[in-house]
Each structure stands twice: as C-alpha cells, then as structure tokens.
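Novice: Dropping a prediction and its sequence here:
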Amino acid sequence: MSESTSKPEMLYLDLLKKCLTRSIFDEDHYKPLDSVTFDTRRFHKRAFVWLYPWLNKLLAPYRLELVRKLHFDAQVREEGKDWPAQAETMVGLRRLDNLQHCITEVLRHGVAGDLIETGVWRGGATILMRAVLKAYGDTNRIVWVADSFQGLPKPDPQRYPKDAGDRHWEVRELAIPLEEVKANFARYGLLDDQVRFLAGWFRDTLPNAPIERLAVLRIDGDMYESVTDALDSLYSRLSVGGYVIVDDYADPAVPGCKQAVDDFRSKHGIREEFRKIDWSGVFWQRLR
C-alpha cells in the first residue's frame with residue numbers, strides 16, 4: 001500500500017465510496033420492476049407491462065411489490081452500469097474517484113467556491129463532497145444539493161424540442177424525497193450547516209440561488225432542459241481552475257444531455273479539453 005493511500009483521510013474516503021455504492025457488499029439484490037424500461041420486444045412482455053400497474057395496486061395494501069432479482073457484478077457496479085437497490089448512488093466508483101480528485105485539486109490549489117450537484121438521486125455524490133471537505137478540514141465551503149426531489153420534469157418540447165418524447169419523468173425510482181436524502185446524509189454523520197438544499201425545478205431554483213462562487217459543478221440532469229438550466233445558471237459562477245463534471249454525457253440512453261453540453265460549449269466558445277472519466281462521464285477544468 002502506498003503512503004498516499006494509507007493516510008487516514010484516504011482510507012476513510014475509500015471506505016465511504018465503497019459503502020455509498022454498496023460495492024463493499026458482494027450480494028444479490030432486488031430492484032422494483034420499471035414498466036417504462038421493461039423489455040417489450042415479445043408479446044408476453046408487452047402484456048406484462050399493461051398489467052404491471054394494476055398488479056402493483058393490488059399488492060400495495062399488503063406492502064408487497066413486484067421486483068426482479070439481480071446478481072451483483074463488481075465490474076458493473078464499479079462502472080455505474082446498474083441501479084443499486086439500496087446504495088446512495090448509482091454513478092459507480094470510477095466517477096466517485098473523479099469527483100474526489102476534482103475536489104482535492106481545488107482544495108490543494110485554493111480555487112475559490114462551493115460545491116454543487118444538480119440532480120442528486122439519493123444524495124451519494126453530494127455526501128462524498130461533504131466527506132472530502134470534512135476529511136481535509138475545510139470549514140468554509142458549502143455543499144449545495146439541488147434536485148426537485150420529485151423526479152424529472154415533463155418535457156417541454158416548445159422550449160426544448162430535443163426533449164420531445166423523453167420519458168424520464170415517468171420513472172418513479174428517480175423521485176427520491178428530500179427527507180430521504182437528508183436521512184442518507186445523517187446516516188454517515190454528514191448532515192450539518194455546510195450542507196444546503198435547493199428543492200425544486202432547476203429553472204426555478206438555480207438562477208437566483210444564493211451561491212457566489214463555485215469550485216466544482218457536477219451535473220446529473222439527464223434531460224436537455226435540466227442540463228441547460230444548470231449550465232446557464234451556474235457556469236458563470238465557476239471559478240477559473242474549477243471543474244465541470246457531467247454524468248451521462250456518453251450514455252446513448254440520454255442523448256439530450258450530450259446535446260445540451262455541446263450546444264452550451266459551442267454557444268459560449270468553451271474550448272477547454274474534454275476528459276473522459278468512464279463509459280458515461282466527462283469533465284473539464286475552466287481555464288479562462
């Protein structure tokens with residue numbers, strides 16, 4: 001073990017990331033069936049999708065739910081290619097490693113500003129943000145947790161034609177209540193005054209959010225609208241030397257995210273180098 005990875009703060013953060021992803025627990029798990037993404041290429045599966053909501057209504061009074069059993073795959077979890085049943089994040093270890101790297105770099109070089117994630121799901125990435133600040137004794141920066149806490153918005157194809165037909169708003173597993181996210185912070189002893197919550201649609205909360213400067217901006221908005229709202233409202237507040245991290249940029253299932261980033265960079269003449277994190281995530285450092 002190298003000296004750097006044996007330091008207490010590194011050991012703590014490494015263990016935390018494994019807990020946040022549940023990759024430390026090599027176990028099968030169960031995931032609620034999702035009628036939106038369920039494979040409907042065969043007739044019996046299409047019939048099941050039609051029956052699915054009615055079956056769940058019948059089971060609900062008995063506190064039962066239709067689920068599918070998924071076998072744990074360490075490589076899949078590391079790359080963030082599954083939806084964990086219990087973990088606080090689905091982004092995987094490699095994207096959490098990148099987030100930690102970006103935060104430690106801005107701390108090391110004194111880049112001014114707070115940390116924010118727009119689109120937090122169960123809060124895992126923002127929990128790591130707060131943990132890094134605590135591990136290195138930073139008591140001044142704020143971690144901003146921005147989410148509707150009710151899933152994604154219905155597409156507005158008049159304003160954002162590229163979101164036409166997007167069905168993320170129907171995926172109920174993406175709607176994690178604010179109190180559940182707060183409870184996840186508290187579980188790790190990280191819910192304190194350095195964590196602030198921005199609850200609501202990005203178009204309503206981000207433009208006038210009480211944020212002066214940012215050092216790390218992590219975007220996980222899935223849709224063209226959500227990603228555009230985040231960049232339009234927050235990029236101008238990002239310090240030179242700070243980082244933009246974009247989840248799902250290279251994911252073919254969310255093309256609106258990539259298009260929103262490409263359009264924003266082109267519109268504002270942003271030429272900083274894209275750096276790939278894994279199969280899905282990218283980031284760049286603001287240099288001017």
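Specialist: Yep, that arrived.

Novice: Assign residue 99 to helix, strand or coil.
Specialist: helix (DSSP: H, G, I helix; E, B strand; the rest coil).

Novice: separation between it and residue 172?
Specialist: 26 Å (Cβ to Cβ, to the nearest Å). Placement of C-beta: from N, CA and C, glycine included.

Novice: So the two - more neighbours on which side?
Specialist: Between residue 99 and residue 172, counting by other Cβ atoms under 10 Å, residue 99 is the more crowded of the two (29 against 12).

Novice: is it true that the more buried one touches residue 128?
Specialist: Yes: contact criterion Cβ atoms under 8 Å: residue 99 and residue 128 qualify, at 6.0 Å.

Novice: Flag every buried residue along stretch 89-100.
Specialist: 89, 90, 91, 92, 93, 94, 95, 96, 97, 98, 99, 100 (16 or more other Cβ atoms under 10 Å).

Novice: Next: stretch 164-171.
Specialist: Buried residues in stretch 164-171 (16+ other Cβ under 10 Å): 166, 168, 169, 171.

Novice: name the element the first one belongs to?
Specialist: For residue 166, there is no helix or strand it lies in under DSSP states H and E.

Novice: From residue 141, how far off is the closest residue to it other than its chain neighbours?
Specialist: Leaving aside its chain neighbours, residue 166 sits nearest to residue 155 (4.7 Å; criterion: Cβ to Cβ, 6 or more residues apart in numbering). According to Cβ to Cβ, residue 155 stands 35 Å off from residue 141.

Novice: where do the helices sit along the stretch 101-250 of the chain?
Specialist: Using DSSP state H, counting those that start in this stretch, the helices found in the stretch 101-250 of the chain span residues 124-135, 178-187, 202-205, 224-234.

Novice: my guess is residue 23 meets residue 74, correct?
Specialist: Yes: between residue 23 and residue 74 there is a contact under Cβ under 8 Å: 6.4 Å.

Novice: So which of those two has more stuff around it?
Specialist: Counted by other Cβ under 10 Å, residue 23 and residue 74 do not tie: residue 23 has more neighbours, with 20 against 10.
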